[in-house]
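Student: Quick one: sequence plus predicted model below, questions after.
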Amino acid sequence: MRRNNVFRLAAAAAGLALAMSGCGVTGSGSGSDAGNSAAAGGPVSDLRIMVPNTPGGGYDTTARVAAKVMEETDIASNIEVFNLAGAGGTVGLARTVNEKGNGDLAMLMGLGVVGASYTNDSEAKLTETTPLARLVQEPGAIMVSKDSPYKTIDDLVKAWKENPGKVSVGGGSSPGGPDHLLPMQLAQAVGIDPKDVNFVSYDGGGDLLPAILGNKLGFAASGAGEYIDQIKKGEIRVLATSGEERLEGVDAPTLKESNIDLVFTNWRGIVAPPQTSEEDKQKWIDALEKMHGTPEWQKALADNGWSDAFVTGDEFTSFLKEQDERVASVLSELGLA
């Protein structure tokens, strides 16, 4: 018997996978040079965006598309995007929290880092950071390799219920992240005890992709946008998506259409270190607001099936606090926090 378990989480993500990973070490500058450039009417310069997981995943894609759009539209110049992976994003979170007052640094983050901060028992918390903006949101997708025996979501659920431990599910986030919470909520919705789910964690979508393509998992739960090229080529089959409505460009029903009462969306945003000055905070927010208004950014959203969920300042601060509390509650129910 399926349980009624509608679980909603806001979500954010952005654009099109473009460059490969950069690597760098964050300096401790105050951001005065970049601020002066912006004040003078020119592009903001020398900003750095940290990606707290491996190249190729959703955070990495989002950061690189944002940087590309800002540079192409002369909003900013010389933006460095670099990866600092580990512990579900909490290595990057700890680095961000330790960079107090560094006005040129920001971290791309989302629901995954919120959850990982609890499941990895991180001393650093997102509530310590300076919220800048939530960017976009997207539904999750239940995906298999083209060689999978599961042709429909009903095929998968039938096999999963018969032997939950045998059907492994992979996700590009640590326990507590969106790729973990989605299958746990799905299990509850179809009558499976989440404690019986065989979840395999990967450090980002870039690491998860080979496991999907190699048919090494029963199924994967993640955002479809990270794998849109493989989906279009027919290398990955989407069995269902978790939004209220079908995902444009993806030939798959929603979970609700499949008589599974679950809606789940993921989000991504960007935060700065603690004690970032008001001047530097506004420098970032101004740049992101300008980026959000460009046709290039809107095209990136449309191309990848992500929804615009842009908010800044106090609204994003309140949203982060609510998400932190909600994820802590859900993980506690699952015995993970």
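Tutor: The structure has been received and is ready for your questions.
Student: Confirm Val250 sits in a strand?
Tutor: No. Going by DSSP: H, G, I helix; E, B strand; the rest coil, the assignment for Val250 is coil, not a strand.
Student: now the helices for the stretch 201-337 of the chain?
Tutor: 205-213, 228-232, 278-292, 295-304, 313-333 (DSSP state H, counting those that start in this stretch).
Student: Mind putting the ones you listed into JSON lines with mean neighbour count, mean pLDDT and distance to Gly103?
Tutor: Heads up, the C-betas are built off the backbone N, CA and C, glycines and all. Shown next, in JSON lines, are the helices of the stretch 201-337 of the chain (neighbours: other C-beta atoms under 10 Å; pLDDT from 0 to 100; distance: least, C-beta to C-beta, whole Å):
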{"stretch": "helix 205-213", "mean neighbour count": "21", "mean pLDDT": "93", "distance to Gly103": "29"}
{"stretch": "helix 228-232", "mean neighbour count": "16", "mean pLDDT": "93", "distance to Gly103": "34"}
{"stretch": "helix 278-292", "mean neighbour count": "19", "mean pLDDT": "98", "distance to Gly103": "3"}
{"stretch": "helix 295-304", "mean neighbour count": "17", "mean pLDDT": "91", "distance to Gly103": "23"}
{"stretch": "helix 313-333", "mean neighbour count": "16", "mean pLDDT": "90", "distance to Gly103": "16"}
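Student: would CSV of the ones you listed with distance to Ala76 be doable?
Tutor: Shown next, in CSV, are the helices of the stretch 201-337 of the chain (distance: least, C-beta to C-beta, whole Å):
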stretch, distance to Ala76
helix 205-213, 25
helix 228-232, 26
helix 278-292, 6
helix 295-304, 13
helix 313-333, 19
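Student: Out of the ones you listed, which gets nearest to Thr119?
Tutor: With C-beta to C-beta as the measure, helix 313-333 is the member of the helices of the stretch 201-337 of the chain nearest Thr119 (6.6 Å).
Student: Does anything pack onto the closest one? Which helices or strands?
Tutor: helix 111-119, strand 130-145, strand 265-272 (3 or more C-beta pairs under 8 Å, 6 or more residues apart in numbering; DSSP states H and E).
Student: just for this protein, where's the confidence low?
Tutor: 1-40 (pLDDT under 70).
Student: mind checking which of the helices and strands packed on helix 313-333 is nearest Gly214?
Tutor: strand 130-145 (7.1 Å).
Student: Tell me the gap between the closest one and the middle of its chain.
Tutor: 4 Å (C-alpha atoms, centre = their mean, to the nearest Å).
Student: what angle do whichever helix or strand comes after that strand and strand 130-145 make?
Tutor: Next along the chain after strand 130-145, taking DSSP states H and E as the criterion, comes helix 153-162. If you take axes from the mean of the first three to the mean of the last three C-alpha atoms, to 10 degrees, helix 153-162 sits at 90 degrees to strand 130-145.
Student: circling back: kindly reformat the helices and strands packed on helix 313-333 as TSV containing mean neighbour count and distance to Leu181.
Tutor: Shown next, in TSV, are those (neighbours: other C-beta atoms under 10 Å; distance: least, C-beta to C-beta, whole Å):
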stretch	mean neighbour count	distance to Leu181
helix 111-119	28	7
strand 130-145	26	9
strand 265-272	28	9
